[in-house]
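Student: When you get a sec, could you give me coordinates for this:
(2 chains)
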There are 2 protein chains.
Amino acid sequence: MILQHTQALNSKRIILASGSPRRRELLGNIGLKFEVLVSSFDEKLPKERFAGGGEYALETARHKALDVAGLVAEPVDLIISADTVVEADGQILEKPDDEEHAFAMISSLSGREHQVHTGVVLVLPRELDPATGAPPLIRSFVTTTHVTFDTLPQEAIRAYIATGEPFGKAGSYGIQGAAGAFVSGLRGCYFNVVGFPLHRFCSEVAALIKEGKL
Amino acid sequence: MILQHTQALNSKRIILASGSPRRRELLGNIGLKFEVLVSSFDEKLPKERFAGGGEYALETARHKALDVAGLVAEPVDLIISADTVVEADGQILEKPDDEEHAFAMISSLSGREHQVHTGVVLVLPRELDPATGAPPLIRSFVTTTHVTFDTLPQEAIRAYIATGEPFGKAGSYGIQGAAGAFVSGLRGCYFNVVGFPLHRFCSEVAALIKEGKL
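Tutor: Predicted coordinates:
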């Protein structure tokens, strides 16, 4: 938990390496102050090289974090990066290209459970990595949430696509919007599905504070 | 699912019998248009008369719905009422009276699982109840979600209370705010914890539409 540490954290320079308005909002909700610096990393790693969606998301987040670490000139205390993907039947689903792509993705989620993975990478540019003895220290983890969608009539999927919500979202849906009504069950961290695993992040940051690294 | 029905629903007169801004937002998210009319029902039913938090929340929602049904002069198609309570170890937790009350409630949730129950009552004032042959038709249900809080240091609880968020909220927390970081696990409907079980509501409304009642 870090609510008791937010005042101390707010004297640090923290960068969120993500353009997602949802991540910004979630981190704002817990009182964290940060700058946003979006990585120019092209999020297109070859998926076949990864054992699953979690590893893929984590590697994308690592690239984004290190890219942003290379961009900042002034000293920074913490860089936070994250990437979220949906995985259904071993298929990794990212943002849809167009309406038909969104329709195919949402249809593939209808009436069943899928997984949402968020890979989070924390970079502490001023701290030493115990393995190499040189900065930066990197902490990373993956959080997975199991989400079940109700069986969705085609007209419901079309009506949802017409809202415009699927675009720019992994798996073509935003649980915090109208697609919330699609969800018949959820196990794990809800915020992870929105795009950032708040509880796990807070635990990791609290541990870094306890170890004197932040 | 009702996303494909929202256009038809928006020609109906729908009243939300709840002052909760969270419920208003959740129903707005799925594109529903409605008026808000808050019941003057004093939400203080004797808890000992109920087998559990779900039954208690449902009965409170029923009173609010019927109170509002009696207030409206013009014809109405649907009245939606809901009440949310937190239950921990058989204790029903509602809104806190003051800071110490909030501290005691949140402390009692620390490091364990609790249940959040929302009782929802739908009143269709123009339809006949099959049992009595007279209006209104009433449909009601309870949705329960299991939420686990991490072990919370006292300072984290105090810092959370200082944000002002616990006040006006069942169980002294709002999962959609800073207390989201307290939640190490969730099973069931997230939106039910916010205050309204979107998926179940949509299923019930879709069934009413299918039966020609709405």
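
Student: Torsion angles phi and psi at the residue of chain A most remote from its centre?
Tutor: Using C-alpha atoms, centre = their mean, the residue of chain A lying farthest from its centre is residue A:155. It sits 29.6 Å away. As for residue A:155, its main-chain torsions (degrees, to the nearest 10) stand at phi -70, psi -30.

Student: what residues are up against it?
Tutor: With contacts taken as C-beta atoms under 8 Å, 6 or more residues apart in numbering or on different chains, residue A:155 has the following neighbours: residue B:4. The C-beta positions use only the backbone N, C-alpha and C, and glycine is treated the same way.

Student: check which helix or strand covers residue A:87.
Tutor: Here residue A:87 sits within strand A:78-88, counting by DSSP states H and E.

Student: Within range of chain B, give me the residues from chain A.
Tutor: Applying the criterion C-beta under 8 Å from any C-beta of the partner chain, the portion of chain A that neighbours chain B consists of A:1-4, A:6, A:26, A:29-31, A:150, A:152-153, A:155-156, A:158-160, A:163, A:175-178, A:180-191, A:198-199, A:201-203.

Student: need the next SSE after the worst-scoring helix or strand of chain A on mean pLDDT, C-terminal direction.
Tutor: Taking mean pLDDT, DSSP states H and E as the measure, chain A has helix A:6-9 as its least confident helix or strand, at a mean of 85. Elements were assigned by DSSP H and E; along the chain past helix A:6-9, the next helix or strand is strand A:14-16.

Student: and stretch A:23-33, C-alpha only, in PDB?
Tutor: Backbone C-alpha positions of stretch A:23-33 (Å, rounded to 0.1, in the frame of the first residue of the first chain) are rendered in PDB as follows:
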ATOM      1  CA  ARG A  23      -3.500   4.700 -16.900                       C
ATOM      2  CA  ARG A  24      -3.200   8.400 -16.200                       C
ATOM      3  CA  GLU A  25      -6.600   8.400 -14.500                       C
ATOM      4  CA  LEU A  26      -5.900   5.300 -12.400                       C
ATOM      5  CA  LEU A  27      -2.600   6.600 -11.100                       C
ATOM      6  CA  GLY A  28      -4.200  10.000 -10.500                       C
ATOM      7  CA  ASN A  29      -6.900   8.200  -8.400                       C
ATOM      8  CA  ILE A  30      -4.300   7.100  -5.900                       C
ATOM      9  CA  GLY A  31      -3.000  10.600  -5.500                       C
ATOM     10  CA  LEU A  32       0.300  10.100  -7.500                       C
ATOM     11  CA  LYS A  33       1.800  13.100  -9.200                       C
END
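
Student: Burial check on residue A:67, number of neighbours?
Tutor: 18 (other C-beta atoms under 10 Å in any protein chain shown).

Student: roughly how far apart are it and residue A:135?
Tutor: Between residue A:67 and residue A:135 the distance, using C-beta to C-beta, to the nearest Å, works out to 16 Å.

Student: Sketch out the low-pLDDT regions of chain A for me.
Tutor: In the prediction, chain A carries residues with pLDDT under 70 at positions A:1.

Student: Any buried residues in stretch A:111-118, and which?
Tutor: Within stretch A:111-118, the residues that qualify as buried are A:114, A:115, A:116, A:117, A:118, counting by 16 or more other C-beta atoms under 10 Å in any protein chain shown.

Student: residues making contact with it?
Tutor: Where contact means C-beta under 8 Å, 6+ apart, the residues beyond stretch A:111-118 that reach it are A:52-54, A:56-57, A:82-88, A:142-152, A:170-171, A:185, A:192-193, A:195-197.

Student: if we go to 6 Å?
Tutor: Counting by C-beta atoms under 6 Å, 6 or more residues apart in numbering or on different chains, stretch A:111-118 makes contact with A:53-54, A:57, A:82, A:84-88, A:142-148, A:151, A:192-193, A:197, all of which sit outside it.

Student: excluding its backbone neighbours, what's nearest residue A:200?
Tutor: Distance criterion C-beta to C-beta, 6 or more residues apart in numbering or on different chains; nearest residue to residue A:200, sequence neighbours excluded, is residue A:143 at 5.1 Å.

Student: cool, residue A:130 as well?
Tutor: Sequence neighbours aside, residue A:137 is the residue nearest to residue A:130 in space, at 7.9 Å (criterion: C-beta to C-beta, 6+ apart).

Student: bridging residues for the one you found?
Tutor: Listed by DSSP bridges, the beta-bridge partners for residue A:137 are residue A:124.

Student: what's near enough to touch it?
Tutor: A:124, A:127, A:129.

Student: what residues are up against residue A:81?
Tutor: For residue A:81, the residues meeting the contact criterion (C-beta under 6 Å, 6+ apart) are A:17, A:61, A:64, A:65, A:121.

Student: Assumed the fourth one was part of a strand.
Tutor: No - secondary structure assignment places residue A:65 outside any strand; it is helix (DSSP: H, G, I helix; E, B strand; the rest coil).

Student: Quick check: buried residues in stretch A:121-138?
Tutor: Buried positions in stretch A:121-138, judged by neighbour count with 16+ other C-beta under 10 Å: A:121, A:122, A:123, A:124, A:125, A:127, A:136, A:137, A:138.

Student: Could you tell me the end-to-end distance of that stretch?
Tutor: With C-alpha to C-alpha, to the nearest Å as the measure, the ends of stretch A:121-138 fall 7 Å from one another.

Student: next one: stretch A:175-186
Tutor: With C-alpha to C-alpha as the measure, the first residue of stretch A:175-186 is 11 Å from its last.

Student: How far off centre is it?
Tutor: In this view, stretch A:175-186 has its centroid 18 Å away from the chain centroid, taken as C-alpha atoms, centre = their mean, to the nearest Å.

Student: Okay, buried residues for that stretch please.
Tutor: By neighbour count with 16+ other C-beta under 10 Å, stretch A:175-186 contains the buried residues A:175, A:176, A:177, A:178, A:179, A:180, A:181, A:182, A:183, A:184, A:186.
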